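Q: Quick one: sequence plus predicted model below, questions after.
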Amino acid sequence: MLLWLLGRTGESNLFFSCRLGFRYQQKCSLVNVKLKWAKDWELDTVVSGERDLKAVNFLISLIASAPRSCLPVYHLSRSRGQLGLPHDLKLSTFIRRYPNIFHEFYTPDSGGTPVPWFQLTPEAHGLQQEELNVLQQNHTVIQNRLCKLLMLTRDRILPLQTIDQLKWDLGLPYNYQELLILKSPELFSLIRLPDDRTGVKLLLWDDHLAVSELQKNAALLQKEEDLKDGILSFPVRFTRGFGLKKKCMRWLEEWQSLPYTSPYSDSSHLDPRTDVSEKRIVGVFHELLHLTVKKKTERKNVSNLRKPLSLPQKFTKVFERHPGIFYISKKSDTQNVILREAFEGKRLLYEHPIVQFREKLTSMMSEGFLDRSRGNYKSSVAGDLAEDAGAAISDDQQTSEQETDAFMFSDYDSDGTLDDPCWKKKGKSSQC
């Protein structure tokens, strides 16, 4: 093994020859090194609350895009698979956690049974308009992100399903198919894939976009010699207190000095069993994470890219082998891959305008959740909602939801009848 050779005296010339072999003939095998995983509390906070934020943002977009800007709960439940919420959490219970974002009212169905509907509050509507403005102002940047994602693939093609899984991290709009793909027929084309899925194909290759973030940074730092030799190093940071053995440090230094292959260039000539190929894989995900607005994504999203990116089996092991470049957070019952260099502690060094909007939404969610927990909405909002549209929940719903979350307001009069004008008028439904 190469690490064993490194520990022997008088073998430096052998290793130097081996490194040349990496560069030209790739005769050296992949070094079997595994670095330990160390918990990083600061980077874990980057993931905390992301699941609920994503779900709320999706629901806002879904409701705002409805013809009357309001939807019944059963319609929202059809998209539950895209929310990523726990299976044992009722959707209506989750929505009622944020009464300053979602306004609830009830409308009887054809049989007279009251059905909960939801629309955006004026504050949430204003914030949603702000998001639309941010997306419009950054249209070209967002479009380039999608182009670069497709340029990373072998055939410049990705299934829509794969892009859907990444659209939150890439900052793509909720209806990106209409706003980006269909409105740019000179750039994108919808095609039918061999497995009968719908895919997106990039029609034009842009050399100006085919420059990785690592190459850009090297040019900014005026590392012309490194660019000329094609030997670029990745920024490396470790969790505070992380101990790295000397032989691992030596291996890392030698690995950093290997040739760098751009993720946008053809890599078919590389032997997947070498460290040079591994450096190319690291470069691919280094670039992919730079394309995301928060410099992170779920590990399962990356796993679906093996074939489009022409990667070998077990390619995600590079995340464990390079904890100084990537951090794997195990918060929220999933694994998120985070690019370390993009953060100073828990602070994102460069905040995209979309990230700034999401921080405002997070603050609104926290405010509404705390106010509801303090009972503010039971006293102040309950009467308004009952006057506007009434409220009626069946006994089985009441029992079930009381077990998981407190009610936003009381639904019954003192005599036990439903306090619901729509219910009492039998057929006159409230308007959105």
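A: Okay, I see it. Numbers count the residues shown, from 1 in each chain.
Q: mean confidence score for the helix or strand harbouring H290?
A: Using DSSP states H and E, H290 maps to helix 275-291. Average pLDDT, helix 275-291: 95.
Q: what's the distance between the helix or strand following that helix and the middle of its chain?
A: Downstream of helix 275-291, the first helix or strand assigned by DSSP H and E is strand 296-298. When C-alpha coordinates are averaged (CA atoms, centre = their mean, to the nearest Å), strand 296-298 and its chain have centres 5 Å apart.
Q: who does strand 296-298 pair up with?
A: strand 336-339 (antiparallel) (DSSP bridges).
Q: Just the C-alphas of the partner strand, formatted as PDB.
A: The C-alpha coordinates for strand 336-339 follow below in PDB (Å, rounded to 0.1, in the frame of the first residue of the first chain):
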ATOM      1  CA  ASN A 336     -26.800  16.600   4.200                       C
ATOM      2  CA  VAL A 337     -23.500  17.300   2.400                       C
ATOM      3  CA  ILE A 338     -22.100  20.800   3.200                       C
ATOM      4  CA  LEU A 339     -19.200  22.600   1.500                       C
END
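Q: Would you mind confirming that F105 makes contact with T121?
A: No: using CB atoms under 8 Å, F105 makes no contact with T121, being 11.8 Å away. All C-beta atoms are positioned from the backbone trio N, CA, C, and that covers glycine.
Q: So those two - more neighbours on which side?
A: Applying other CB atoms under 10 Å to F105 and T121 shows that F105 carries more neighbours, namely 23 against 17.
Q: which intervals of the stretch 1-150 of the chain have sub-threshold pLDDT?
A: 1-34 (pLDDT under 70).
Q: can you pull out the strands in it?
A: Along the stretch 1-150 of the chain, counting by DSSP state E, counting those that start in this stretch, strands occupy 70-72, 102-108, 114-120.
Q: Can you give the distance from the last one to the centre of its chain?
A: Taking CA atoms, centre = their mean, one finds the center of strand 114-120 at 28 Å from the center of the full chain.
Q: who does that strand pair up with?
A: In the sheet, strand 114-120 lines up against strand 70-72 (antiparallel), strand 102-108 (antiparallel) (DSSP bridges).
Q: Centroid-nearest residue for this structure?
A: Closest to where the C-alpha atoms of the chain average out (CA atoms, centre = their mean) is D169, at 3.2 Å.
Q: so that residue touches V293, yeah?
A: Yes: assessed by CB under 8 Å, D169 is found in contact with V293 at 6.9 Å.
Q: show me where the stretch 151-300 of the chain has helices.
A: Assigned by DSSP state H, counting those that start in this stretch, the helices in the stretch 151-300 of the chain fall at 160-170, 176, 213-220, 224-229, 246-256, 275-291, 299-303.
Q: so the fifth one versus helix 275-291, what angle?
A: So that's helix 246-256. 80 degrees (axes from the mean of the first three to the mean of the last three CA atoms, to 10 degrees).
Q: for helix 246-256, packing partners?
A: Contacts defined by 3 or more CB pairs under 8 Å, 6 or more residues apart in numbering; DSSP states H and E place helix 246-256 against helix 2-7, helix 275-291.
Q: So which of those is the most surrounded?
A: Most buried of those by mean neighbour count (mean count of other CB atoms under 10 Å) is helix 275-291; its value is a mean of 22.
Q: what separates the closest residue to Y106 other than its chain neighbours from Y98, distance-wise?
A: Nearest residue to Y106, sequence neighbours excluded (CB to CB, 6 or more residues apart in numbering): P114, at 4.1 Å. For P114, the distance to Y98 (CB to CB, to the nearest Å) stands at 21 Å.
Q: And for K246?
A: Taking CB to CB as the measure, K246 falls 52 Å from Y98.
Q: In contact with the residue nearest to K296 when sequence neighbours are not counted, which residues?
A: Counting by CB to CB, 6+ apart, I338 is the residue found nearest to K296 once chain neighbours are left out, at 4.3 Å. Residues near I338 by CB atoms under 8 Å, 6 or more residues apart in numbering: 43, 46-47, 289, 295-296, 326-329.
Q: Go again with 10 Å.
A: I338 is in contact with 40, 43-44, 46-47, 289, 292, 294-297, 319, 326-329, counting by CB atoms under 10 Å, 6 or more residues apart in numbering.
Q: Looking at the residues you listed, which is nearest Q256?
A: Closest approach between the contacts of I338 and Q256, by CB to CB: F326, at 14.9 Å.
Q: can you pull up the bridge partners for the closest one?
A: Beta-bridge partners for F326, by DSSP bridges, are L339.
Q: Report how many residues lie close to it.
A: So F326, with other CB under 10 Å, has 23 neighbours.
Q: Okay, it and L35: tell me how far apart.
A: For F326, the distance to L35 - CB to CB - is 11 Å.
Q: Over to S61?
A: Per CB to CB, S61 is found 40 Å from L35.
Q: Where does pLDDT dip in the stretch 301-432 of the chain?
A: For the stretch 301-432 of the chain, the stretches flagged by pLDDT under 70 are 375-432.
Q: Please, where are all the strands along it?
A: Here the stretch 301-432 of the chain has its strands, by DSSP E, counting those that start in this stretch, at 326-329, 336-339, 343-344, 347-348.
Q: mind checking which of those is nearest F94?
A: Smallest distance to F94 across the strands of the stretch 301-432 of the chain (CB to CB): 20.9 Å, for strand 336-339.
Q: Y176 and L146 touch, don't they?
A: Yes: counting by CB atoms under 10 Å, Y176 touches L146, with 7.5 Å between them.
Q: Spit out the residues that contact those two alike.
A: Common neighbours of Y176 and L146 (CB under 10 Å, 6+ apart) are 163, 167, 170, 200.
Q: Next, the contact list for the second one, please.
A: If I follow you right, that is K167. By CB under 10 Å, 6+ apart, the contact list for K167 reads 146, 160, 173-174, 176-177, 180.
Q: Is it possible to get the residues you listed out as TSV so that each row also shows neighbour count?
A: Below are those laid out as TSV (neighbours: other CB atoms under 10 Å):
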residue	neighbour count
L146	25
L160	17
P173	19
Y174	19
Y176	21
Q177	19
L180	22
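Q: between the residues you listed, which is nearest S366?
A: Y174 (22.5 Å).
Q: is it true that the closest one touches F58?
A: Yes: judged on CB under 10 Å, Y174 makes contact with F58 at a distance of 7.1 Å.
Q: shared neighbours of these two, which are they?
A: W168.
Q: returning to what we had before: pipe the helices and strands packed on helix 246-256 into CSV and attach distance to Y350 per row.
A: As requested, these are exported to CSV (distance: least, CB to CB, whole Å):
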stretch, distance to Y350
helix 2-7, 37
helix 275-291, 10
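Q: Can you say which of these is nearest to R80?
A: Per CB to CB, nearest to R80 of these: helix 275-291, 27.8 Å.
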